[in-house]
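J.: I need the structure of the sequence given here:
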Amino acid sequence: MWKPLASVVFTAALALSASLVAHAQEAPLRIIVGYAPGGSSDRVARIVADKLQTKLGSPVIVENRTGAGGRLSAQAVKSAPANQPALLLANPAVMLVAPLVFPDAGYDAERDFRPVSHVNSYEFGVAVSSAVPVRELPHLIAWLRANPDKANFGVPATGSLPHFFGLMVGDAAKVNAEVIGYRGSAPLLNDLIGGQVPVAFDTFDTLLPQHEAGKIRILAVSSAKRSPLDPKIPTFKEGGMDLAATGWNTFFAPMSMPKAQAERLAGLIHEVMKDPDTRRKFEAAKMEPVASSMAQTEAMLKAYRAQWAPVVQRSGFKP
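T.: Got it, this is the predicted structure:
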């Protein structure tokens with residue numbers, strides 16, 4: 001009577017051992033971000049990764065592949081083998097602008113990647129230093145026209161969405177402004193606060209803390225409606241300019257990932273983004289969360305390319 005029991009125990013142990021070995025051999029999901037730890041893209045990745053690994057029941061690792069304006073991260077995910085699952089968290093600078101302006105970007109955003117899930121949107125803002133004597137957008141346009149020698153604005157990076165949005169504003173206002181590109185938002189804000197640059201375009205959530213501290217003044221936000229982050233700040237449309245624009249963070253899968261796996265991850269991320277705790281974390285970080293299906297993400301990207309590709313191409317921007 002003991003032999004069958006021993007056989008059952010032995011068989012169960014073998015099955016458990018095989019399961020543990022298979023689990024150990026299964027590579028964890030990597031989320032690759034093209035920007036440094038602590039930035040807004042990195043925060044998005046880590047909030048989602050924390051929730052996603054609970055749903056997957058296996059580790060999700062965030063890797064920061066900085067350099068080349070985020071292009072290195074896209075190149076890394078494009079080349080990811082099928083047995084090492086990876087997602088790219090990217091913004092328009094990586095997946096729209098770079099393929100248009102870099103002949104050797106190293107990837108094709110539409111051919112090499114499958115959109116998975118759009119997870120947050122953000123607006124742009126225009127801000128002035130305390131040295132600029134204006135408090136409303138129409139006054140800023142008048143001031144720039146009256147002071148052409150001071151008609152320049154700073155952006156966190158040349159080729160960024162704030163750069164191209166600033167060009168859109170300059171064109172609409174008929175102001176020929178000089179663009180001053182910085183190596184990130186921190187040095188841009190330092191110079192804006194210090195008065196070395198009179199006007200800056202950046203993401204709204206980046207500008208807002210310094211505005212709240214009274215060190216700079218945000219004159220307008222690029223959303224279609226006033227931002228819930230600070231409803232006191234008017235939109236560009238309210239300031240007399242028929243402009244509205246947003247940026248985004250979206251997950252992409254390499255074409256090496258089986259479609260069924262990408263679809264499963266899209267569904268799980270959609271669940272993560274509907275979770276009230278996830279939304280609270282995004283809102284606490286002054287970011288607008290979005291719960292988007294794979295089909296909705298694809299439609300958003302198609303419309304976005306139609307809006308922004310002509311702007312980038314007309315600008316004649318060359319890195």
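
J.: Burial check on the closest residue to residue 241 other than its chain neighbours, number of neighbours?
T.: Distance criterion C-beta to C-beta, 6 or more residues apart in numbering; nearest residue to residue 241, sequence neighbours excluded, is residue 172 at 5.3 Å. Any C-beta I mention is one placed from the backbone N, CA and C, and that applies to glycine too. By other C-beta atoms under 10 Å, 14 other residues sit near residue 172.

J.: Assumed residue 172 was part of a helix.
T.: Yes. Applying DSSP: H, G, I helix; E, B strand; the rest coil, one finds residue 172 inside a helix.

J.: so who does it touch?
T.: For residue 172, the contact set (C-beta atoms under 8 Å, 6 or more residues apart in numbering) comprises 241-243.

J.: Let me have the residues you listed in CSV, extended by neighbour count, pLDDT and distance to residue 156.
T.: Shown next, in CSV, are those (neighbours: other C-beta atoms under 10 Å; pLDDT from 0 to 100; distance: C-beta to C-beta, whole Å):
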residue, neighbour count, pLDDT, distance to residue 156
241, 19, 94, 21
242, 7, 92, 25
243, 18, 91, 19
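
J.: Just the residues you listed: which are in strands?
T.: Using DSSP state E, no member of those sits in strands.

J.: Contacts only, for the closest residue in space to residue 95 that isn't next to it in sequence.
T.: The spatially closest residue to residue 95, leaving aside those adjacent along the chain, is residue 109, at 4.5 Å (C-beta to C-beta, 6+ apart). Remark: with contacts taken as C-beta under 8 Å, 6+ apart, residue 109 is in contact with 74, 94-96, 98-99.

J.: State the distance from the residue nearest the centre of the chain to residue 213.
T.: Central residue of the chain (C-alpha atoms, centre = their mean): residue 249, 3.3 Å from the mean position. Per C-beta to C-beta, to the nearest Å, residue 249 is found 26 Å from residue 213.

J.: now residue 254
T.: Here residue 254 is placed at a distance of 42 Å from residue 213 (C-beta to C-beta).

J.: Between those two, which is the more surrounded one?
T.: It is residue 254, of residue 254 and residue 213, that has more neighbours when counted by other C-beta under 10 Å, with 22 against 9.

J.: where does residue 135 land in three-state SS?
T.: coil.

J.: Likewise for the one 3 residues further on?
T.: Three-state call for residue 138 (three-state DSSP): helix.

J.: Do you know the pLDDT at it?
T.: pLDDT for residue 138: 95.

J.: again, but for residue 11
T.: Note for residue 11: predicted pLDDT of 49.

J.: Repeat that for residue 32.
T.: Looking at residue 32, its pLDDT reads 98.

J.: got a list of what it touches?
T.: Applying C-beta under 8 Å, 6+ apart, we find residue 32 in contact with 62-65, 73, 76-77, 86-89.

J.: Just give me the closest of those to residue 56.
T.: Residue 56 lies nearest to residue 87 out of the contacts of residue 32, by C-beta to C-beta, at 11.8 Å.

J.: Quick one: the helices in the stretch 201-319 of the chain, in order.
T.: 204-212, 259-274, 276-284, 294-315 (DSSP state H, counting those that start in this stretch).

J.: Go through those and pick out the most buried.
T.: Compared across those, helix 204-212 shows the largest average neighbour count, a mean of 20 (mean count of other C-beta atoms under 10 Å).

J.: So residue 58 is in contact with residue 29, correct?
T.: Yes. Between residue 58 and residue 29 a contact is recorded at 7.2 Å, counting by C-beta atoms under 8 Å.

J.: Quick check: which ranges of the stretch 51-200 of the chain have low pLDDT?
T.: Applying pLDDT under 70 to the stretch 51-200 of the chain flags no residue at all.
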